[in-house]
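Engineer: Need coordinates for the following:
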Amino acid sequence: MKQLKIAVIVGSLRKESFNKKMAKALVENAPETLSFEFLEIGNLELYTEEFDANSPKSWVDFREKVKGFDGVLFVTPEYNRSVPGVLKNAIDIASRPWGQSVWGGKPAAIVSVTIGGLGAFGASNHLRQVLAFLGMPTMTQPEAYISNAMSLFDENGKLTNESTAEFAKSYMKAFAQWVETFVK
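Structural biologist: Coordinates of the predicted model:
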């Protein structure tokens, strides 16, 4: 079987983001049947429909990149019980102009990460609603709500919590199987 190409989109721009650290840990614990590329979303201009006819180069490049992937792994923090604006902006850019979304049919998974105790549940559920509208089949089980992130990594950003590492491995195995069911 060919190696499946997965886009990793992290909803946090912070340099020492726990979401970025978790995304790297997920990739490190993934089966070899998946290859990954982290997509930068912090450089995308804010979406406005007025630019659909003459889109900024960053939008065009992002849309073209997304087209080339077999699946998408979203890793997001929670801001005010939803996803960060930068993540929603990236999703909007690649879903427009109307009727030309590049997301449709791409299998996805969501991992939400927080320093709090609720696992960024609100962000995950809001993101799931958006992905359903875009026609992205999103893995329902297992769910991934990572809490107390500040206690999971060492000073170098390496995941040190063994049970979280085991969960990451089983989650990514399930994600690989999920993507395989949709890729022909």
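Engineer: Do me a favour and average the pLDDT over the top helix by length along the chain.
Structural biologist: Longest helix of the chain, by residue count under DSSP state H: helix 162-182. Averaged across helix 162-182, pLDDT comes to 97.
Engineer: What residues of that helix count as buried?
Structural biologist: Neighbour-count burial for helix 162-182, with 16 or more other Cβ atoms under 10 Å as criterion, is recorded at 164, 167-169, 171-173, 175-176, 178-179. (Glycine included, C-beta is placed from N, CA and C.)
Engineer: among these, which two are most distant?
Structural biologist: Maximum pairwise distance among those (Cβ to Cβ): 22.0 Å, between T164 and V179.
Engineer: Ramachandran coordinates for the residue positioned nearest the centre of the chain?
Structural biologist: Most central in the chain under Cα atoms, centre = their mean is F74, positioned 1.1 Å from the mean C-alpha point. Main-chain dihedrals, F74, degrees, to the nearest 10: phi -100, psi 130.
Engineer: Mind pulling the model confidence for it?
Structural biologist: Note on F74: pLDDT of 98.
Engineer: so it touches P107, yeah?
Structural biologist: No - assessed by Cβ atoms under 8 Å, F74 is found out of contact with P107, at 11.6 Å.
Engineer: can you give me how far the longest helix of the chain is from the chain middle?
Structural biologist: Distance of helix 162-182 from the chain centroid (Cα atoms, centre = their mean, to the nearest Å) equals 14 Å.
Engineer: so what secondary structure elements neighbour it?
Structural biologist: Judged by 3 or more Cβ pairs under 8 Å, 6 or more residues apart in numbering; DSSP states H and E, the packing partners of helix 162-182 are strand 4-10, helix 18-28, strand 34-38, strand 71-76, strand 108-113, strand 144-146.
Engineer: Let me have these in a markdown table, adding distance to F133 as columns.
Structural biologist: Below are these laid out as a markdown table (distance: least, Cβ to Cβ, whole Å):
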| stretch | distance to F133 |
| --- | --- |
| strand 4-10 | 17 |
| helix 18-28 | 23 |
| strand 34-38 | 25 |
| strand 71-76 | 14 |
| strand 108-113 | 12 |
| strand 144-146 | 21 |
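Engineer: Least confident of the ones you listed, on average?
Structural biologist: strand 144-146 (a mean of 92).
Engineer: Quick check: neighbours of it in the sheet, parallel or antiparallel?
Structural biologist: Taking DSSP bridges as the criterion, strand 144-146 forms sheet pairs with strand 108-113 (parallel).
Engineer: what does the next helix or strand after the partner strand rub up against?
Structural biologist: Note on strand 108-113: by DSSP states H and E, the next helix or strand toward the C-terminus is helix 121-133. Residues outside helix 121-133 that contact it (Cβ atoms under 8 Å, 6 or more residues apart in numbering): 11, 74, 76-79, 81-84, 87-88, 91, 103, 108, 110, 112, 138, 143-145.
Engineer: If anything else comes up later, I'll come back, but that's it for now.
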